[in-house]
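Participant: here you go, sequence then predicted model.
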There are 6 protein chains.
Amino acid sequence: MKLSHMDDKGNAKMVDVSAKENTKRTAKAYGRIEMRPETLELIVKNGLPKGDVFSTARIAGIMAAKKTWELIPMCHNISLTHVSVEFKIDRDRSAVEIFTTASSVGKTGVEMEALTAASVAALTIYDMAKAVDKEMVIADIYLLMKSGGKSGDWKRGSDEK
Amino acid sequence: MKLSHMDDKGNAKMVDVSAKENTKRTAKAYGRIEMRPETLELIVKNGLPKGDVFSTARIAGIMAAKKTWELIPMCHNISLTHVSVEFKIDRDRSAVEIFTTASSVGKTGVEMEALTAASVAALTIYDMAKAVDKEMVIADIYLLMKSGGKSGDWKRGSDEK
Amino acid sequence: MKLSHMDDKGNAKMVDVSAKENTKRTAKAYGRIEMRPETLELIVKNGLPKGDVFSTARIAGIMAAKKTWELIPMCHNISLTHVSVEFKIDRDRSAVEIFTTASSVGKTGVEMEALTAASVAALTIYDMAKAVDKEMVIADIYLLMKSGGKSGDWKRGSDEK
Amino acid sequence: MKLSHMDDKGNAKMVDVSAKENTKRTAKAYGRIEMRPETLELIVKNGLPKGDVFSTARIAGIMAAKKTWELIPMCHNISLTHVSVEFKIDRDRSAVEIFTTASSVGKTGVEMEALTAASVAALTIYDMAKAVDKEMVIADIYLLMKSGGKSGDWKRGSDEK
Amino acid sequence: MKLSHMDDKGNAKMVDVSAKENTKRTAKAYGRIEMRPETLELIVKNGLPKGDVFSTARIAGIMAAKKTWELIPMCHNISLTHVSVEFKIDRDRSAVEIFTTASSVGKTGVEMEALTAASVAALTIYDMAKAVDKEMVIADIYLLMKSGGKSGDWKRGSDEK
Amino acid sequence: MKLSHMDDKGNAKMVDVSAKENTKRTAKAYGRIEMRPETLELIVKNGLPKGDVFSTARIAGIMAAKKTWELIPMCHNISLTHVSVEFKIDRDRSAVEIFTTASSVGKTGVEMEALTAASVAALTIYDMAKAVDKEMVIADIYLLMKSGGKSGDWKRGSDEK
């Protein structure tokens, strides 16, 4: 088992995907930002049904997905065919949940694009509410699934090899 | 109590900081990425003492801090005077801990810059190890402290108003 | 009378503002995108009061203002202290009107930032409605006023020399 | 009739083009910047035959076309195979006319790329002449034609459905 | 013989590659940065085997290759499938040698991407050592080879037509 | 003697300039691109007196200077007050010489900005002439002088300590 982004000397490298086939790739990621209940109410009240907290965070997430290759050094610069960012209110955990999807038809997976969209959407919510609540926590950003490519489909919680 | 980034009609806005004084601003943030113990060993073995996993993640975090205003829609584009990204191995939680600092002399706080550095450093570690462990979780990104500006100093866990 | 962005040989140049004083600068710009009445109704219905057509165009305009120096070759890269983008529905002309403001404390005016915000907000409205109306026209983007700096205040329609 | 960039809840979305075929796409756009006759003469005199006002505006327009996806939130990031920006002097209207073309081989149209090139070329002319004429107006930016893709060819003034 | 990036009127243009076939393209470039022997020792001591001078320069070079289209006005924005940056210590010339490779599957060559990677890697080494040696010289950046595309393979020193 | 961009553990760092005073900073750099005599004639013929090879390279150099902080990982993102790029034809060496100046009023030097402008201007000339001459060499990019800041003035060839 070795890190794919390391060469034999331990140097970071960009994986060569020249010979890979173009296939439809999709990845879904999850994120959650937890806050005080009164902060959540403020966001919901100002922000729903289609208000600007969520609009801004959605747009920020979508635009960030397109910039993933500028942020993550060894990521390939690819053309995305789709990005979406959805939000759910989780009152039990006093949190906003973030669900992202990224798709591409190409030679590399889009896991990082989905994760970047989730991270930047969470950061944007933090930014817009930080004047009233600096204790917010961006928690549990992870991959939900990926499909396409030679390594095949993967789902969180499945027995990965 | 209201959201500073919302105008009276509920539209997102960029706070006008024209009249604010230039002061030294610093913010520190924390992040953690949890992974399987064998993934952590692989990163540590390949990556220490000064190897490329951590170099790459540090550089990615520093460069992302400078791009915060491109990512977070309502953030001001400012000149940073300092950014640092440090890592600690936490074997108890099988995690890499990330500690970031951002500084500026200007009219706006740099909380988002410190948080963005932590997020992108974590995403970069994810990217470099994802071929061996897709179940990694970016957990608990939050602000540790901020200083400078009219609203004064703030420390996580202090009684904030 | 000569072009400030031309040197004596006719080459484009970036004006040297090193010796200029830092003052508060503001500029306001106007834009208008005209469309079929049914397109306008669709945008208004889907978009109001705080819906995503206008949210997206507002955010795009604000983000573009921060990128003006990346787009306009001889513009200085400056820190903006404020950007705003507002919309009005003009049913008589079957148009959306765009009003932008940009501010900075610095050595150069922010006219281009206000104009760029208006242009990109208009382009974004075009993008979001183009599937139903390709005949839309972005019309009449111009400067409304500027203040600050050695050349002083200026207002559209005043007798300028 | 509905807006393609809105989902059922009225949220902005990026259209999923994963299943679309790769075809040659071309779009042509038009723009015009009107100014005082003496401003026009100054640009023409300094700028022709191959001088820097038009060179700068042409280059700015071409470079902006490549950045369209960074500016327009719901635009896909695509590879352009061609961009051109041409200028004509229109003394009757005391204006510079701008003609742009963008091409791509891919899954999405390039209308926004052609329109963005025209807008940024016009803004650049404004920037370079604004010291002598702040009353300039960027007028009448619109699409001339598009070809390629499932929706087929379209020409301004044709009976569109 | 004429310049491919000039139209008949002498205006810069982006070559239209719409009709070109997608083929695997590779280019290799070389660069060298010369410095005082004690500067070289300092870099080698601090930087080897996997230290941060070379890590930083490698990452900077890889990231810059992906941004070539943003820097070079007439370059097409393309997706790279691979970039690598390698260093060699040349004590005879008291220099660091830089070897870069860029690959793509597409319609245009990747010479500029390989050359940009070499240039930015050299600039980054300069940046990191400039406090101790401002007399460093970035010397002899050139293309080593290219392959793919209709014009076929090319190797430095071969008889080119 | 140690590298300013290395911390005690050998990690790359961004120098903290928060406490530095704002002073006027200037740096001048030099570059040269050598080519076959017939290539040089082609550039001169197509490009002079104000033609597009040099216009394009000048604009590319100016725009790249503003992006230096995006390219060089440890560079601070600063506001430049001036950038210029000039060319000279050197028939003896069959080369184009490049002279750049960058200025800022701030806490950090602008050496990298002047050097980046020279590098990207040279790369742009390479790009525009590469179809007729792939053997061109970007040679001898170096710093000519810097002024301002606590470390004071420096001139190439002076006895530096």
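Facilitator: Received, thanks.

Participant: any idea which helix or strand in chain A has the lowest mean pLDDT?
Facilitator: Within chain A, confidence by mean pLDDT, DSSP states H and E is lowest for helix A:37-47 among all helices and strands, at a mean of 84.

Participant: which strands and helices sit next to the helix or strand following that one?
Facilitator: Later in the chain than helix A:37-47, the nearest helix or strand by DSSP states H and E is helix A:52-66. The contact analysis (3 or more C-beta pairs under 8 Å, 6 or more residues apart in numbering or on different chains; DSSP states H and E) places helix A:52-66 against helix A:37-47, strand A:80-90, strand A:95-106, helix A:111-129, helix B:68-71, helix C:52-66, helix D:68-71. Any C-beta I mention is one placed from the backbone N, CA and C, and that applies to glycine too.

Participant: is chain B contacted by the fourth one?
Facilitator: Just to be clear, that refers to helix A:111-129. Yes: residues of helix A:111-129 contacting chain B under C-beta under 8 Å from any C-beta of the partner chain: A:111-112, A:115-116, A:119-120, A:122-124, A:126-129.

Participant: what does chain A have sitting close to chain D?
Facilitator: Residues of chain A lying near chain D by C-beta under 8 Å from any C-beta: A:24, A:49-50, A:54-55, A:58-59, A:62-63, A:66-67, A:79-84, A:103-105.

Participant: which residue does chain A have closest to chain F?
Facilitator: Residue of chain A nearest chain F, by C-beta to the nearest C-beta: A:Glu70 (8.3 Å).

Participant: so that residue touches E:Lys66, yeah?
Facilitator: Yes: contact status for A:Glu70 versus E:Lys66: in contact at 7.4 Å, counting by C-beta atoms under 8 Å.

Participant: can you pull the residues that touch both of those two?
Facilitator: Counting by C-beta atoms under 8 Å, 6 or more residues apart in numbering or on different chains, the residues touching both A:Glu70 and E:Lys66 are A:Asn77.

Participant: which SS class is A:Ile33?
Facilitator: strand (DSSP: H, G, I helix; E, B strand; the rest coil).

Participant: which residues sit in contact with the closest residue to it other than its chain neighbours?
Facilitator: Among residues not flanking A:Ile33 along the chain, A:Ala122 sits closest, at 4.6 Å (C-beta to C-beta, 6 or more residues apart in numbering or on different chains). Contact analysis of A:Ala122 by C-beta under 8 Å, 6+ apart lists A:31-33, A:57, A:98, A:138, A:141, B:119, B:141.

Participant: any chance of TSV for those residues, columns neighbour count?
Facilitator: TSV is the format used below for the contacts of A:Ala122 (neighbours: other C-beta atoms under 10 Å in any protein chain shown):
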residue	neighbour count
A:Gly31	30
A:Arg32	20
A:Ile33	31
A:Ala57	29
A:Ile98	28
A:Ile138	29
A:Ile141	29
B:Ser119	30
B:Ile141	30
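
Participant: now, which of the residues you listed sits nearest chain D?
Facilitator: The closest of the contacts of A:Ala122, once distances to chain D are taken by C-beta to the nearest C-beta, is A:Ala57, at 11.1 Å.

Participant: ok, now how distant is the closest one from F:Ala122?
Facilitator: Going from A:Ala57 to F:Ala122 by C-beta to C-beta, to the nearest Å gives 42 Å.

Participant: next one: A:Ser119
Facilitator: Relative to F:Ala122, A:Ser119 is positioned 37 Å away (C-beta to C-beta).

Participant: so, low pLDDT: which residues of chain A?
Facilitator: Residue ranges of chain A with pLDDT under 70: A:1-4, A:46-51, A:159-161.

Participant: which residues of it lie near chain E?
Facilitator: With the criterion set to C-beta under 8 Å from any C-beta, chain A comes near chain E through A:9-18, A:20, A:69-70, A:73-74, A:76-79, A:106-107.

Participant: contacting residues for A:Thr68?
Facilitator: A:75, A:112-113, A:116.

Participant: so which of those comes closest to A:Glu41?
Facilitator: Distance to A:Glu41, by C-beta to C-beta, is smallest for A:Thr116 among the contacts of A:Thr68, at 28.7 Å.

Participant: you'd agree that closest one is up against A:Leu71?
Facilitator: Yes: here A:Thr116 lies in contact with A:Leu71, judged by C-beta under 8 Å, at a distance of 6.4 Å.

Participant: which residues are common contacts for these two?
Facilitator: Taking C-beta under 8 Å, 6+ apart as the criterion, A:Thr116 and A:Leu71 both touch A:64, B:123.

Participant: so which of the two has more stuff around it?
Facilitator: A:Thr116 (33 against 26; other C-beta atoms under 10 Å in any protein chain shown).

Participant: for the more buried one, give its distance to chain E.
Facilitator: A:Thr116 sits at a distance of 15 Å from chain E (criterion: C-beta to the nearest C-beta, to the nearest Å).

Participant: now that residue: closest residue in space, sequence neighbours ignored.
Facilitator: Once flanking residues are discounted, A:Thr116 sits nearest to A:Thr68: 4.5 Å by C-beta to C-beta, 6+ apart.

Participant: still on that earlier bit, which among the residues of chain A next to chain D count as buried?
Facilitator: Among the residues of chain A next to chain D, those that count as buried by neighbour count (16 or more other C-beta atoms under 10 Å in any protein chain shown) are A:50, A:54-55, A:58-59, A:62-63, A:66-67, A:79-84, A:103-105.

Participant: so which strand or helix has A:Lys28?
Facilitator: Following DSSP H and E, one finds A:Lys28 within strand A:23-34.

Participant: distance of A:Asp153 from A:His5?
Facilitator: Distance of A:Asp153 to A:His5, given as C-beta to C-beta: 22 Å.

Participant: skipping its backbone neighbours, what lies nearest A:Val110 in space?
Facilitator: Take A:Val110 and drop its neighbours on the chain: the residue closest to it by C-beta to C-beta, 6+ apart is A:Ala102, 4.2 Å away.

Participant: pull the contacting residues for the one you found.
Facilitator: By C-beta under 8 Å, 6+ apart, the contact set of A:Ala102 is A:26-27, A:29, A:65, A:80, A:82-83, A:110, A:113-114, A:117.

Participant: 10 Å instead?
Facilitator: Contact partners of A:Ala102, counting by C-beta atoms under 10 Å, 6 or more residues apart in numbering or on different chains, are A:25-29, A:61-62, A:65-66, A:68, A:78, A:80-85, A:109-118, A:146, D:14.

Participant: returning to what we had before: other residues contacting the least confident helix or strand of chain A?
Facilitator: By C-beta under 10 Å, 6+ apart, the list of residues contacting helix A:37-47 reads A:33-36, A:51-57, A:87, A:89-91, A:93-96, A:125, A:128-130, A:132-133, A:135-136, B:1-3, B:5-6, B:10-12, C:50.

Participant: now the buried members of the residues you listed.
Facilitator: Looking at the contacts of helix A:37-47 with 16+ other C-beta under 10 Å, the buried ones turn out to be A:33-35, A:51-57, A:87, A:89, A:94-96, A:125, A:128-130, A:132-133, A:135-136, B:3, B:5-6, B:10-12, C:50.

Participant: for A:Lys150, grab the count of nearby residues.
Facilitator: Neighbour count for A:Lys150, taken as other C-beta under 10 Å: 9.

Participant: pretty sure it sits against A:Asn22.
Facilitator: No: using C-beta atoms under 10 Å, A:Lys150 is not in contact with A:Asn22, being 11.8 Å away.

Participant: if I look at these two, which residues touch both of them?
Facilitator: By the contact definition C-beta under 10 Å, 6+ apart, A:Lys150 and A:Asn22 are jointly contacted by A:Lys107.
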